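Trainee: Here is my input, please return the structure:
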Amino acid sequence: MGGNDLFSGQELKKMIVPLFLEQLLVMLVGLADTLVISYAGESAVSGVSLVNQFNTIFIYLFTALASEGAVVISQYIGRQDTDLAGESASQLLMFSFGFSVLLGAAVLLGNEAMLCLLFGKVEQPVMEACMIYMRISAYSYPALAVYNAGAAVYRSLGKTNVTMYLSVVSNLINVIGNVIGVFVFRAGVAGVAWPSFLARVFPQ
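Mentor: Numbers count the residues shown, from 1 in each chain. Here you go, the predicted structure:
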């Protein structure tokens, strides 16, 4: 390693490994829902699986938005301009929240039309499961967007382990909630949707 390197290999490892694990854990929320709901019947698991494909698009969208903001914040931090870095972080959080609220409202208002457009004509029980899961998921979009924006700020500061620990706890909340919702309350699709909502709201 040269003397002018910004980060050593060990420093990069400390940042990249938690970042990788955090992104993996974010995606595992939806996967855990699919695995647990499989015990509630074919229609339920089909509905959750279909909507999770849709939700993945929003996860990537919020992550991309936050990553762009992290680039700007990192530049100001590199210049040691803490005022503009703080202002940029605030703007990222506000924009992410506002954008996610609009998307969530659009999904809540047009969820059935979107599902018909995306997945065509599916069986009525599957469509009902899709609508329940999508509506509850839409409530979590603002929390998901704000989490990604906050995680981007932590990445700019090089503190990727913080968001990784939050993701671990969120996944535990989701898995435990799923088990209780499906096997104790027998709430079906709602039994995995609400724990996912709580898991995404928790880091806030």
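Trainee: any idea what the residue at minimal distance from the centre of the chain is structurally, helix, strand or coil?
Mentor: Taking C-alpha atoms, centre = their mean, the centroid of the chain lies closest to Leu144, which sits 4.5 Å from it. Under DSSP: H, G, I helix; E, B strand; the rest coil, Leu144 falls in the helix class.
Trainee: How about it: what's its closest non-neighbour residue?
Mentor: Arg200 (5.1 Å; C-beta to C-beta, 6 or more residues apart in numbering). To be clear about C-beta, it is placed using only N, CA and C from the backbone, and glycine gets the same treatment.
Trainee: if I pick that neighbour, what's in contact with it?
Mentor: For Arg200, the contacting residues are Val29, Ser140, Ala143, Leu144, Tyr147, Ser170, by C-beta atoms under 8 Å, 6 or more residues apart in numbering.
Trainee: What are the buried residues along the worst-scoring helix or strand of the chain on mean pLDDT?
Mentor: Ranked by mean pLDDT, DSSP states H and E, the helix or strand of the chain with the weakest confidence is helix 9-37, at a mean of 83. Residues of helix 9-37 classed as buried: 14, 18-19, 21-23, 25-26, 28-30, 32-34, 36-37 (neighbour count, 16 or more other C-beta atoms under 10 Å).
Trainee: C-terminal to that helix, what's the next element?
Mentor: Per DSSP states H and E, the first helix or strand lying C-terminal to helix 9-37 is helix 42-78.
Trainee: what pLDDT, on average, does that next one get?
Mentor: Mean pLDDT, computed over helix 42-78, is 92.
Trainee: Any idea how far that helix is from the middle of the chain?
Mentor: Put simply, helix 42-78 sits 6 Å off its chain's centre (C-alpha atoms, centre = their mean, to the nearest Å).
Trainee: repeat for stretch 152-165
Mentor: 15 Å.
Trainee: contact partners of it?
Mentor: Contacts of stretch 152-165 (C-beta under 8 Å, 6+ apart): 11, 14-16, 18-19, 21-22, 25, 66-67, 69-70, 73-74, 77, 85, 89, 92, 150-151, 203.
Trainee: So what would you say the end-to-end distance of that stretch is?
Mentor: From its first residue to its last, stretch 152-165 covers 15 Å (C-alpha to C-alpha, to the nearest Å).
Trainee: Ok, stretch 76-83 next?
Mentor: One end of stretch 76-83 to the other measures 9 Å (C-alpha to C-alpha).
Trainee: Mind listing what's buried along it?
Mentor: Those would be Tyr76, Ile77, for stretch 76-83 by 16+ other C-beta under 10 Å.
Trainee: Likewise for stretch 62-79?
Mentor: Buried-residue list, stretch 62-79, by 16+ other C-beta under 10 Å: Phe62, Thr63, Leu65, Ala66, Gly69, Ala70, Val72, Ile73, Ser74, Tyr76, Ile77.
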